[in-house]
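>>> I'll drop the sequence and a predicted model, then ask my questions.
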Amino acid sequence: MVSLEAGNTMKYNEMEHFSHPQHILKFEYTEVPFKCDGCKEVGIGSRYRCSFCDFDLHMHCAMPSLSISHPFYTKCSFQFLSRPPGDTPRYCNACEKDVTGFVYHCESCGFDLHPCCAKLPMVLDDGEVKLHLYRKVSSPCHRCGRKGRSWSYRSACKKYNLHVACVREMLVENWHELYFGHGKGAGKSQSRIPSLKNTLQTPHKRSKGKVKKCCEMAALALQFVISAVLGDPTALIAGVIGTFMSRA
């Protein structure tokens, strides 16, 4: 393992990082999805980048904490590791996706968390929609229609629920379209963010007007969860994502 003490020196908008000692990484903001070279997961928005090597890091991966605790695992102490421990495949306990790069690991319990999953906000709130993060909920997910499974964001009104795992799957399924669809011609209908097609699986028992409003609110909830999972849960990112989704 590489120690963080080996060098995360920061200036105002650039840094040296142990994972890329060849060049200085510079802070950038992008509306185009990227793949983080630290945790190997998708990102958007704020990042540290080496343009010479096409090397990118989430903010959470560029400036990790040596150790963290999490309210869902009160008996655990998670240590930052530059790669998964051991030789057996590991998965993130938040999103159920494989862990292949930077990770927070609890040695005593064996739990693992992607850096962005470990730092998921407990509450997402833009004034109109408020979503709370739960380890498990009993209501079905709007994406897959199933209960339980991974961590979930649920609206304060308890009508909308989205598995973090389902959002991760959407991003993985659409990665080629997300990344390679950008800038490939104005005539194409490709979007940088997954469309809402087949997103809502939960049956509705409301009038048509209420169904539309319900779907709009669920779509709004989805854009906030996507922005959080991508590592930059800001209102600006949410607005960008909302714009892309409206084009789908």
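It's in. None of these values were measured; they are calculated from a predicted model.

>>> Would you mind checking the average pLDDT for stretch 51-69?
The average of the pLDDT scores along stretch 51-69 is 95.

>>> next one: stretch 108-116
94.

>>> List the contacts of that stretch.
Outside stretch 108-116, the residues within contact range by Cβ atoms under 8 Å, 6 or more residues apart in numbering are 38-39, 41, 43, 58, 60-61, 64, 70, 73, 75-78, 80, 84, 90-95, 97, 99, 102-106, 229-231. In short, each C-beta sits where N, CA and C put it, glycine included.

>>> Which of the residues you listed are buried? Put it as a PyMOL command.
Buried subset of the contacts of stretch 108-116, written as a PyMOL selection, criterion 16 or more other Cβ atoms under 10 Å:
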select buried, resi 38+39+41+43+58+60+61+64+70+76+78+80+84+90+91+92+93+94+95+97+99+102+103+104+105+106+229+230+231
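
>>> Which ones among the contacts of stretch 108-116 lie within strands?
43, 58, 70, 73, 75-78, 80, 90-91, 99, 103-105 (DSSP state E).

>>> just curious, which of those is nearest to residue 13?
residue 58 (16.1 Å; Cβ to Cβ).

>>> if we can go back for a sec, now the two most distant members of the ones in strands among the contacts of stretch 108-116.
Maximum distance among the ones in strands among the contacts of stretch 108-116 (Cβ to Cβ): 30.3 Å, for 43 and 75.

>>> Number of residues surrounding residue 222?
A count of neighbours around residue 222, defined by other Cβ atoms under 10 Å, yields 27.

>>> Please enumerate the helices of the chain.
For the chain, the helices defined by DSSP state H cover 59-62, 115-118, 164-173, 175-180, 208-229, 235-247.

>>> Any regions of the protein where pLDDT drops low?
The model of the chain has pLDDT under 70 over residues 1-12, 126-127, 172-220, 233-248.

>>> Go through it and flag its longest strand.
The chain, longest strand under DSSP E: strand 25-35.

>>> Direction-wise, compare that strand with helix 164-173 and give the angle.
90 degrees (axes from the mean of the first three to the mean of the last three Cα atoms, to 10 degrees).

>>> partner strands of strand 25-35, parallel or antiparallel?
strand 14-15 (antiparallel), strand 42-50 (antiparallel) (DSSP bridges).

>>> for those strands, which one ends up most surrounded?
Scoring the strands paired with strand 25-35 by mean neighbour count under mean count of other Cβ atoms under 10 Å gives strand 42-50 as the most buried, with a mean of 22.

>>> residues in contact with that one?
14-15, 17, 20, 22-36, 55-59, 62, 116, 171-172, 175, 178, 227, 230-232, 234, 236-237, 240.

>>> For it, list the C-alpha coordinates in CSV.
Taking Å, rounded to 0.1, in the frame of the first residue of the first chain, the C-alpha atoms of strand 42-50 are listed here in CSV:
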residue,chain,number,x,y,z
VAL,A,42,-17.5,7.4,-12.9
GLY,A,43,-17.4,11.1,-12.0
ILE,A,44,-18.6,14.5,-13.1
GLY,A,45,-18.0,18.0,-12.0
SER,A,46,-15.0,18.9,-9.7
ARG,A,47,-11.8,16.9,-10.2
TYR,A,48,-8.1,17.0,-10.1
ARG,A,49,-6.5,16.2,-13.5
CYS,A,50,-3.3,15.6,-15.4
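
>>> if I look at the closest residue to residue 153 other than its chain neighbours, how far off is residue 73?
Spatial nearest neighbour of residue 153, excluding adjacent residues (Cβ to Cβ, 6 or more residues apart in numbering): residue 131 at 4.3 Å. Per Cβ to Cβ, to the nearest Å, residue 131 is found 21 Å from residue 73.
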